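In: pasting the sequence and the predicted coordinates here, then a few questions.
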Amino acid sequence: MDKKGKHTHILVIRLSAMGDVAMTVPVIRALTDQYPEIQLTVLTKKPFRPIFDGLENVEVKEADVKNRHKGLMGLWRLYKELKPLRFDAVADLHNVLRSRILKKYFALESIPFAQIDKGRKDKKALTRTKNKVFEQLKSTHERYADVFTKLGFPIDLSNTKPLERVQLSEKVLSLVQQDTKKWVGIAPFAAHEGKMYPLESTKEVIKALNNTDKYKILLFGGGAKEVEVLEGLAKDYQNAECMAGKLSLSEELQLISNLDVMLSMDSGNAHMATNYGIPVLTLWGVTHPYAGFYPFGQPMENALLADREEYPLIPTSVYGNKVPQGYENAMNTIKPKDILEKLLGVLEPTIKS
């Protein structure tokens, strides 16, 4: 683009899911650092607005895809609302039907519109059962960065700074109650069962941490069923607290930004924690980091993977929604003692095991 960096206004589209929305943050941070004259407006769903707090030169526009902006007419209404903001370009980091329709509307004004290449063919080759091509694919962060490159703004992701730690509100402080203990976040749930560590094994990890009396264990999740499970877990251990169902996303992010470590599945909590530079340990069942969803900037040794010798079809899907028969227990090959050892390695780096 010939307006390179000169108060260019770019619309960034990424509507869902939470983890994918969170993964835009390091890329946007790098972009705004390297091109400080750029103004960004992120189009996303209302609940995800807090994810972009702390980013400079970034505004958020809410897409109400269930009501006001539903269907062709709703998307036309959305386009009419966006038009007065005078965009110089559109970066579509989602590339779904909704954003492709918006592309047609923006074409009426000949506004440059670049879309993510999701690498579907490569991901299919990585996850198929026969003739699997087991190799590292381009990360989602790199795919996002490629979109901006197409618009004339190449990004170097190698020195991206994390978001700053957020000061805790009175409400969060009263819930957590600060003391000298280090804070361990544990997010044991994921969108699909193929990505979830068995609850009994999670209890073993929590019990071992609890018994040291050195750590405050903060349990994260969402939805009524998860809240119920986590409340039950917290009752059993004096150093564990259920955070699920008690905080808004904004408050949850405050808390996450102050953790000493986060233990997460291949899920949104991992990406939200890494955005603040928090060490993140991830557990991988039938998915695999090779698909490109590894938390940004985390060392690969922070990933604990299911045993591929025993379960050679891993990854069986990109999102963990396909679990072949006999693969239900793949995550049992990750032992609680190994998780504990990794956690203690982060929490007490001077102690040699």
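Out: Great, that's in hand.

In: from what I see, residue 167 and residue 254 are in contact.
Out: Yes - using C-beta atoms under 8 Å, residue 167 is in contact with residue 254, at 7.3 Å. For every residue, glycine as well, the C-beta is placed using N, CA and C.

In: so between the two, which is more surrounded?
Out: residue 254 (22 against 10; other C-beta atoms under 10 Å).

In: name the SS class of that one, please.
Out: Counting by DSSP: H, G, I helix; E, B strand; the rest coil, the backbone at residue 254 sits in helix.

In: give me the nearest residue to it, chain neighbours excluded.
Out: If the residues on either side of it in the chain are set aside, residue 254 comes closest to residue 166, at 4.4 Å by C-beta to C-beta, 6 or more residues apart in numbering.

In: secondary structure class for the one you found?
Out: coil.

In: for it, phi and psi?
Out: The phi and psi values for residue 166, taken as degrees, to the nearest 10, are phi -100, psi 140.

In: got the contact list for it?
Out: 53, 54, 253, 254, 257, 258, 276 (C-beta atoms under 8 Å, 6 or more residues apart in numbering).

In: out of the residues you listed, who's nearest residue 196?
Out: residue 253 (22.4 Å; C-beta to C-beta).

In: that closest one - nearest residue in space that isn't next to it in sequence?
Out: Nearest to residue 253 is residue 50, by C-beta to C-beta, 6+ apart, at 5.7 Å.

In: residues in contact with that neighbour?
Out: Per C-beta under 8 Å, 6+ apart, neighbours of residue 50: 248, 249, 250, 253.

In: check what pLDDT it gets.
Out: pLDDT recorded at residue 50 is 98.

In: A helix includes it, no?
Out: Yes - counting by three-state DSSP, residue 50 is found in a helix.

In: which of the contacts of residue 50 fall in helices?
Out: Per DSSP state H, helices hold the following members of those: 249, 250, 253.

In: show me what contacts the last one?
Out: It refers to residue 253. 50, 51, 53, 166, 272, 276.

In: run a quick neighbour tally on the third one.
Out: By that I understand residue 53. By other C-beta under 10 Å, neighbour count at residue 53 equals 14.

In: perfect, that will be all.
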